[in-house]
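Enquirer: Take a look and give me a structure for this.
(chains A and B)
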Amino acid sequence: AQKITQTQPGMFVQEKEAVTLDCTYDTSDQSYGLFWYKQPSSGEMIFLIYQGSYDEQNATEGRYSLNFQKARKSANLVISASQLGDSAMYFCAMPRGSGYSTLTFGKGTMLLVSP
Amino acid sequence: EPEVTQTPSHQVTQMGQEVILRCVPISNHLYFYWYRQILGQKVEFLVSFYNNEISEKSEIFDDQFSVERPDGSNFTLKIRSTKLEDSAMYFCAIPGSTDTQYFGPGTRLTVL
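Expert: As a prediction, the model looks like this:
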């Protein structure tokens, strides 16, 4: 079974600085993917970025990038040039299997961006 | 990016009452998921629904829960007799590309 671990309950960063949110995973699957979602105080779950285990280059989406290290089983989210609107909970998630599979989530990291 | 709406945004109910949470994808989907998030905790899978049948369910999804697609477009999650511990945010989700799942805005259920 998949297991997602997010060891940072909270992170603080100043506006315009970069921040790394940690995520480690455990799976016996040969092919898998990792997701990051953002949950602002309003409660919705916003998809940020995805990377498949066979993707050779780290995924990037605007200011978000995935630092994917398969040997260490880590898929850290890097947010460059933090903005006040980045303050939110961030969840790492992994599908249980391939195809249209249910997601297993980590416990999340609360990011607070200060002016 | 697929869009999905959920109603109501907030539901307050008395313990023991039945509630029905609704989810409407903008475009037609065969695959559908329900997740739950108790306040301050992680998101947990409840049930997946494919082509009008439950394809997978978690241990949380007991006999108090049911899912339906009553009219071919929207999906419902019914809790027959709510308990205090059912208070949570309930999300529906639909698949996108590459295993991506797009979540609806959620329904916050408060059981008194």
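Enquirer: bridging residues for the residue most central in space within chain B?
Expert: Chain B has B:Trp34 as the residue nearest its centroid, 3.7 Å off, counting by CA atoms, centre = their mean. Beta bridges link B:Trp34 to B:Val47, B:Cys92, judged by DSSP bridges.
Enquirer: just B:Gln6 next, same as before
Expert: B:Cys23.
Enquirer: Surely it touches B:Cys23?
Expert: Yes: counting by CB atoms under 8 Å, B:Cys23 is a contact partner of B:Gln6 at 5.1 Å. The way it works is simple: take the backbone N, C-alpha and C, and place the C-beta from them, glycine included.
Enquirer: Could you pull up the residues touching the residue nearest to the centre of chain B?
Expert: Neighbouring residues of B:Trp34 by CB atoms under 8 Å, 6 or more residues apart in numbering or on different chains: B:23, B:46-49, B:67, B:77, B:90-93.
Enquirer: Looking at these, state which has the most neighbours.
Expert: Greatest neighbour count in the contacts of B:Trp34, by other CB atoms under 10 Å in any protein chain shown, goes to B:Cys92: 30 neighbours.
Enquirer: Roughly how far does that residue sit from chain A?
Expert: As judged by CB to the nearest CB, to the nearest Å, B:Cys92 and chain A stand 11 Å apart.
Enquirer: again, but for B:Gln37
Expert: 8 Å.
Enquirer: neighbours of that residue, just the number please.
Expert: Look at B:Gln37: counted by other CB under 10 Å, it has 22 neighbours.
Enquirer: my read: it touches B:Leu46, true?
Expert: No: counting by CB under 8 Å, B:Gln37 stays clear of B:Leu46, with 10.4 Å between them.
Enquirer: what is in contact with B:Gln6 and B:Cys23 at once?
Expert: Common neighbours of B:Gln6 and B:Cys23 (CB under 8 Å, 6+ apart) are B:92, B:104.
Enquirer: shared neighbours, B:Gln37 and B:Leu46?
Expert: Counting by CB under 8 Å, 6+ apart, the contacts common to B:Gln37 and B:Leu46 are B:Tyr90.
Enquirer: Nearest to chain A: which residue in chain B?
Expert: B:Phe103 (3.8 Å; CB to the nearest CB).
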